[in-house]
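Asker: Here you go, sequence then predicted model.
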Amino acid sequence: MEADTLELESFLPYRLYRLADAVSREFSRVYKDRHGLTRPEWRTLAGLGQHGTMTATALGEQSAMHKTKVSRAVSRLERRRWLARKPDEKDRRVEHLTLTNAGLAAYREMVPLAKAFERELLSKLSTGERVAIAEGLAALEAALGR
């Protein structure tokens, strides 16, 4: 192969993207079938379920979603009455987002399904492979300052 060509199939960033996308698509069947959620809606629901009250900006940072996707997901979850907005008392441009009781119930229903999905995925690997992946991911995250 020439020095000025790139073999995408062995290029680490490409492989990581493809793998993450494949896993995300596979998991999306769980929340799409159960609740008809999109990926941004699931990520918003999961972020609020884990952290409680958050701003849209914090949700975007936590889930690596563009603010437009966060905004649309927030609007759709609000229409479902799964999410409530409360304006910030000091800065009216900021809203604090929380799950409603219905949203929290949906989140709590999804947690064991998400954990089962993860267990099933990891069960296809040996113990050594699971350890290697966890350590490799941690090392890459540390190298990138995450």
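Answerer: Happy to help now that I have it.
Asker: For residue 29, give me its contacts.
Answerer: By Cβ atoms under 8 Å, 6 or more residues apart in numbering, no residues touch residue 29. For the C-beta atoms, the positions are set from N, CA and C on the backbone; glycine is no exception.
Asker: I'd guess it is in a helix, am I close?
Answerer: Yes. Residue 29 forms part of a helix when assessed by DSSP: H, G, I helix; E, B strand; the rest coil.
Asker: OK, contacts around the closest residue to residue 65 other than its chain neighbours?
Answerer: The shortest distance from residue 65 to any non-neighbouring residue, by Cβ to Cβ, 6 or more residues apart in numbering, is to residue 40 (5.7 Å). Residues near residue 40 by Cβ under 8 Å, 6+ apart: 63, 65, 69, 70, 72, 73.
Asker: dump the residue contacts of the residue nearest the centre of the chain.
Answerer: Ranked by distance to the mean C-alpha position of the chain (Cα atoms, centre = their mean), the top residue is residue 43 at 4.2 Å. By Cβ under 8 Å, 6+ apart, the contact set of residue 43 is 59, 63, 65, 73.
Asker: Then residue 24?
Answerer: residue 39.
Asker: Mind listing what's buried along the helix or strand it falls within?
Answerer: Using DSSP states H and E, residue 24 sits within helix 12-35. Neighbour counts over helix 12-35 (16 or more other Cβ atoms under 10 Å) mark 27, 30, 31 as buried.
Asker: Repeat that for stretch 57-68.
Answerer: Within stretch 57-68, the residues scored as buried using 16+ other Cβ under 10 Å are 58, 59, 60, 62, 63, 65.
Asker: what pLDDT, on average, does it get?
Answerer: For stretch 57-68, mean pLDDT is 93.
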